[in-house]
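>>> I'll drop the sequence and a predicted model, then ask my questions.
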Number of protein chains: 2
Amino acid sequence: MAAEASASRPADLTAAAARRSIEEGRLSSEELVRDCLARIRDLEPQVQAWTFLDEDHALAQAKAADERRREGHATGPLHGIPVGVKDIIDTGDMPTENGSPLYAGRTPREDAAVVAKLRAAGAVILGKTVTTECAYFHPGKTRNPHNLEHTPGGSSSGSAAAVAAGMVPLALGTQTNGSVIRPAAFCGAFGFKPSHGLVPRTGILQLSRTLDHVGVMARSIDDVALAMETLAGWDAGDPDTRPAARVPFAAIAAEEPPIRPLLAFIKTPHWDRVDAEAKEAFGELVEALGDAIEEIDLFPSADEAWDWQKTIMEAEMAHNFAREWRDGRDKLSDRLRALIERGREVKAVDYQRAVSLIWPMQESFEELFTQRFDAILTPSAPGAAPKGIDATGDPRFCTLWTLAGLPALSMPLLRGSNGMPIGVQLVGRRHFDARLLRTARWLAEKLG
Amino acid sequence: MAAEASASRPADLTAAAARRSIEEGRLSSEELVRDCLARIRDLEPQVQAWTFLDEDHALAQAKAADERRREGHATGPLHGIPVGVKDIIDTGDMPTENGSPLYAGRTPREDAAVVAKLRAAGAVILGKTVTTECAYFHPGKTRNPHNLEHTPGGSSSGSAAAVAAGMVPLALGTQTNGSVIRPAAFCGAFGFKPSHGLVPRTGILQLSRTLDHVGVMARSIDDVALAMETLAGWDAGDPDTRPAARVPFAAIAAEEPPIRPLLAFIKTPHWDRVDAEAKEAFGELVEALGDAIEEIDLFPSADEAWDWQKTIMEAEMAHNFAREWRDGRDKLSDRLRALIERGREVKAVDYQRAVSLIWPMQESFEELFTQRFDAILTPSAPGAAPKGIDATGDPRFCTLWTLAGLPALSMPLLRGSNGMPIGVQLVGRRHFDARLLRTARWLAEKLG
């Protein structure tokens, strides 16, 4: 609502606000897209969030949306709203190059399932956003819009930077370790990684079936909920999705919690990595929340989860990149090549053991959520975006929740002394994604 | 029907015939079970099919079934019918020792899902049947009822021998490679291995989630269908089962095929292993079937399937037997220990590659079944049961169908010159198990 009131131009509107304006005829999709393109023209030379953007093609989609509305056709929940799409997500009308020279010039024949869902909801696919090399660590060209000398985080670098810079209200990202939450936190956007299996990954570069998630970047919780209504669902191409009733994310996220939520503050075994400024900021946050938050320790076996995630990610990436390793090893970064080489040495027994430990860990989290807590509050990253653009920062504060497949939201609630955003991560019960958004909204309102 | 007419005593009745007699009050469960126990007392010293059998406990179940019927309670589809249960399948009221000294004296707290289903259908759990060591190769004590100097096959040795010897009309087995089809063929029983995921494996010693199946031994196709109506279904403890509508197996198996079936005769790349006598018998069978069968070659990639199965089975067994290997290596047979040691060396990339090749292979079989053929006809084993009880014979004619998760039925349609049965294996389209039984019945009737 704040964004809507203060919006001096269409590109600053949230998706929900823009949608209302379009619905009521106060704004056209063309005007919105033109303003986003103008913002991009201004900032892209510095931020470099996009890897493919064809202004004419974007405008043609917007005009077609306006035309359909004028003709009185039914409009979808994202009618005329521009969305950025991470460049490991297939688009049938734009290149999808996976951030790697191995895929230069590749244009898929078909849209990924999530892109098809966005189009069916009326969205304008604005362009493709920068990813790190194959969504692993080697950075793309994107810079942090808050300070160009700092990393935007990765691997969904362009999506986070584009949303935070006001270039587009929504963008898709993906996360196998910390690739939605971390760049959202570093760039000051809302970044949501849903429960594993809630959003289909069909038509997206596969790193790890066990760990890959599709997520969304936005500038408000309402916009996250709005996007999730379109993205969630079963797809025949993703064996980890389930047929399930449609969840009214926006309505649930907008509800008042029936009783006041109780949060668990979890520092994780890696708290010593958090920088002094972030430690202080979290200390003040916890104090401000008073008896609505309790600090708890993780169950002891969780300490090993970082090793399990490493084993699974390395083994599954080595499997999924077998062709790239065989035919194009020389075109891979040293870091990705080294990961694949490690992954090729993982024993099947160690891999299976790591996978088999996920379920007992999920059961432990189930207990925590059903017996006492509405959500876990924890850092999104060890601090604000570090200086330098040769690395994308540390994903370890996302690892555990990714491995357990729990829904996680990074909220730009804190700031460092240099003005850079510090993300607060809220983690919810598995498959209770909409309730996590409701708790997040309560938290955001409580903190003003 | 033939069995019913010629039955000189209750133990010789098929389950379907016994059920009708019990329903009509011409036979009590107690009479049936007493006669099975009498047959066991006669033959068990030679055949040695049972690892646990408590006559009083079996009779108590039978009397309780008769009592329920007398009191007018509803009766289940297997009311009063005795069933043998392979000793890797948990029973809450009898030991389950997995054919290994590591499990001596183990009595589980709960029934396996399939045992609970049998009890709910009214069955009498007669006792536990001999398995090879942990359902792998090291033989148990069982001998082939047709000739005690020959192997009964394995690993479901006791279940096949007990059914073939007339000790019990139905018995449960399991198959990870050829452990239902091969002993059924060697002992001259019908052995059915359903589609992967059709029958839940909850509460059964796990060798390999990818390859493990529960199957059934019987003396008629009707009895296979009768048992399947009870055994098939979803279970929360087995992630490979699916909620699905109940299939009327018996009704479908009893139908006339709407058009005359066409069979594919597949020799597999291992035909040179088939002995001369079996080759001749299959030659005559194919000739007798005339234009109802066509010999076809497998698609070339199927040649590698035996290697994939080995990789998967060794890697998954090494994972599932990690505790046995760590704590009780000295109590394992050399052969099982060697398998685990090989499995511990399998690379995660090779394991994942093997698993990833199953689906394309299944698609190739889908084509074969949807475009032309109703079922595949192929040997159950390289010939009749080999002489000697130190080994259980060669599973390689089952490997491909187990890996692909296709339903397979061994039928005792042929005999060697020494009078030993030779199994004919009929393989069907995945998830079309009842139709396979219908085709099998047509084949059995055609061959008279």
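Okay, I see it. Numbering: from 1, shown residues only, chains lettered A, B, ... in the order given.

>>> please count neighbours and contacts with C-alpha atoms only from this point.
Will do.

>>> are we agreed that residue A:182 is in a helix?
Yes: the assignment for residue A:182 (DSSP: H, G, I helix; E, B strand; the rest coil) places it in a helix.

>>> surely it meets residue A:382?
No: look at residue A:182 against residue A:382 with CA atoms under 8 Å: they stay out of range, at 9.6 Å.

>>> neighbour count: those two, which is higher?
Higher neighbour count among residue A:182 and residue A:382: residue A:182, with 39 against 25, using other CA atoms under 10 Å in any protein chain shown.

>>> who touches the residue in chain A positioned nearest to chain B in this structure?
Closest to chain B within chain A is residue A:348: 3.8 Å, counting by CA to the nearest CA. If a contact means CA atoms under 8 Å, 6 or more residues apart in numbering or on different chains, then residue A:348 has B:315, B:319, B:343-349, B:351 as its contacts.

>>> give me the pLDDT for it.
At residue A:348, the pLDDT value in this model is 98.

>>> skipping adjacent residues, who's closest to it in space?
Leaving aside its chain neighbours, residue A:348 sits nearest to residue B:348 (3.8 Å; criterion: CA to CA, 6 or more residues apart in numbering or on different chains).

>>> check residue A:438 too.
Residue nearest to residue A:438 in three dimensions, not counting chain neighbours: residue A:253, with 4.0 Å by CA to CA, 6+ apart.

>>> the one you found touches residue A:220, doesn't it?
No: contact criterion CA under 8 Å: residue A:253 and residue A:220 do not qualify, at 11.2 Å.

>>> so where's chain A uncertain?
Residue ranges of chain A with pLDDT under 70: A:1-7.

>>> what does the spatially most central residue of it show for phi and psi?
Using CA atoms, centre = their mean, the residue of chain A that lies closest to the mean C-alpha position is residue A:180, 3.2 Å off. The phi/psi pair for residue A:180 (degrees, to the nearest 10) reads phi -100, psi -50.

>>> repeat that for residue A:345.
Main-chain torsions, residue A:345, degrees, to the nearest 10: phi -90, psi -10.

>>> and the contacts of residue A:348, which two are furthest apart?
B:319 and B:349 (15.1 Å; CA to CA).

>>> coming back round to it: overlap in contacts, residue A:182 and residue A:382.
Joint contacts of residue A:182 and residue A:382 (CA under 8 Å, 6+ apart) are residue A:394.

>>> returning to that earlier point: give me the buried subset of the contacts of residue A:348.
By neighbour count, with 16 or more other CA atoms under 10 Å in any protein chain shown, the contacts of residue A:348 hold B:315, B:319, B:343-344, B:346-349, B:351 as buried.

>>> can I get these in TSV with distance to residue B:142 and secondary structure?
As requested, these are exported to TSV (distance: CA to CA, whole Å; DSSP: H, G, I helix; E, B strand; the rest coil):
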residue	distance to residue B:142	secondary structure
B:315	29	helix
B:319	29	helix
B:343	28	helix
B:344	31	helix
B:346	33	coil
B:347	36	strand
B:348	37	helix
B:349	39	helix
B:351	34	helix
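
>>> between those residues, which sits nearest residue A:122?
Residue A:122 lies nearest to residue B:349 out of the buried ones among the contacts of residue A:348, by CA to CA, at 40.9 Å.

>>> for that closest one, give me its contacts.
By CA under 8 Å, 6+ apart, the residues touching residue B:349 are A:315-316, A:318-319, A:343-344, A:346, A:348.

>>> next one: residue A:185
Residue A:185 touches A:191, A:380-381, A:384-385, A:410-412, A:421-424, counting by CA under 8 Å, 6+ apart.

>>> am I right that residue A:198 is in a helix?
No: assessed with three-state DSSP, residue A:198 is coil; it does not lie in a helix.

>>> please look at it and residue A:233 and confirm they touch.
Yes: with contact defined as CA under 8 Å, residue A:198 counts as touching residue A:233 (6.1 Å).

>>> between these two, which contacts overlap?
Common neighbours of residue A:198 and residue A:233 (CA under 8 Å, 6+ apart) are A:241-242.

>>> which of those two has more neighbours?
The neighbour count for residue A:198 versus residue A:233, taken as other CA under 10 Å, is higher for residue A:198 (27 against 21).

>>> what number of residues lie near the residue nearest to that one when sequence neighbours are not counted?
Take residue A:198 and drop its neighbours on the chain: the residue closest to it by CA to CA, 6+ apart is residue A:232, 5.4 Å away. Neighbour count of residue A:232, defined by other CA under 10 Å: 23.

>>> before we move on, what about the one 10 residues further on?
For residue A:242, the count of nearby residues is 16 (other CA under 10 Å).

>>> just give the closest residue to it, not the sequence neighbours.
Leaving aside its chain neighbours, residue A:242 sits nearest to residue A:234 (5.2 Å; criterion: CA to CA, 6+ apart).

>>> number of nearby residues for that neighbour?
Applying other CA under 10 Å, we find 20 residues neighbouring residue A:234.

>>> same check, this time on residue A:303
If you count neighbours by other CA under 10 Å, residue A:303 ends up with 14.

>>> and for residue A:162?
34.

>>> for the one 3 residues further on, same thing?
As a burial measure, the neighbour count of residue A:165 was computed by other CA under 10 Å and equals 25.

>>> excluding its backbone neighbours, what's nearest it?
Leaving out its chain neighbours, the residue that sits closest to residue A:165 by CA to CA, 6+ apart is residue A:145, at 5.9 Å.

>>> now that neighbour, what's its secondary structure?
Here residue A:145 is recorded as coil under three-state DSSP.

>>> is it true that residue A:167 touches residue A:41?
No: counting by CA under 8 Å, residue A:167 does not reach residue A:41; the two are 9.2 Å apart.
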